[in-house]
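> coordinates only, no sequence provided:
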């Protein structure tokens, strides 16, 4: 897990966002936080690029699908692995690198990050 030094967490729920960020930081990973897709795009532009993105699908202003579509248009970010997160099982995101169903186990998150960011 040491290779994944920076992960962008795009999640509108403050408590969930902070819980995820806290777990990432316990793993020695810098957690960059964004409260929706628009803020997530701003964080990407601010750089440096993260090794992975944890992306909630249901958010105000710009949802996960909109965020991913815009992110993939930029060649600098197009290859960053995206892990989608949602409690709505009908909202799977096939274009994501992996998916976590909320609530999820942080051990599962660590395994996914380790496999995506060797």
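Thanks, I have it. Please read all numbers here as calculations on a predicted model, not as lab measurements.

> got the contact list for the longest helix seen in the chain?
The residue-count maximum for a helix in the chain (DSSP state H) belongs to helix 14-26. The contact list for helix 14-26 (C-beta atoms under 8 Å, 6 or more residues apart in numbering) reads 7, 9, 11, 30-31, 33, 35, 54, 56, 102, 106, 109. Heads up, the C-betas are built off the backbone N, CA and C, glycines and all.

> if we use 6 Å, what do you get?
Residues outside helix 14-26 that contact it (C-beta atoms under 6 Å, 6 or more residues apart in numbering) are 7, 9, 11, 31, 33, 106.

> partner strands of the least confident helix or strand in the chain by mean pLDDT, parallel or antiparallel?
When each helix and strand of the chain is scored by mean pLDDT, DSSP states H and E, strand 98-101 comes last, with a mean of 84. Strand 98-101 has its sheet partners listed here by DSSP bridges as strand 82-86 (parallel).

> chain center to the strand it pairs with: distance?
6 Å (C-alpha atoms, centre = their mean, to the nearest Å).

> before we move on, back to that, pull out the buried members of the contacts of helix 14-26.
Buried residues within the contacts of helix 14-26, counting neighbours by 16 or more other C-beta atoms under 10 Å: 7, 9, 11, 31, 33, 106.

> quick check: the farthest pair among the residues you listed?
Greatest spatial distance in the buried ones among the contacts of helix 14-26: 33 and 106, 16.5 Å, computed using C-beta to C-beta.

> what about stretch 6-21, average pLDDT?
Average pLDDT, stretch 6-21: 94.
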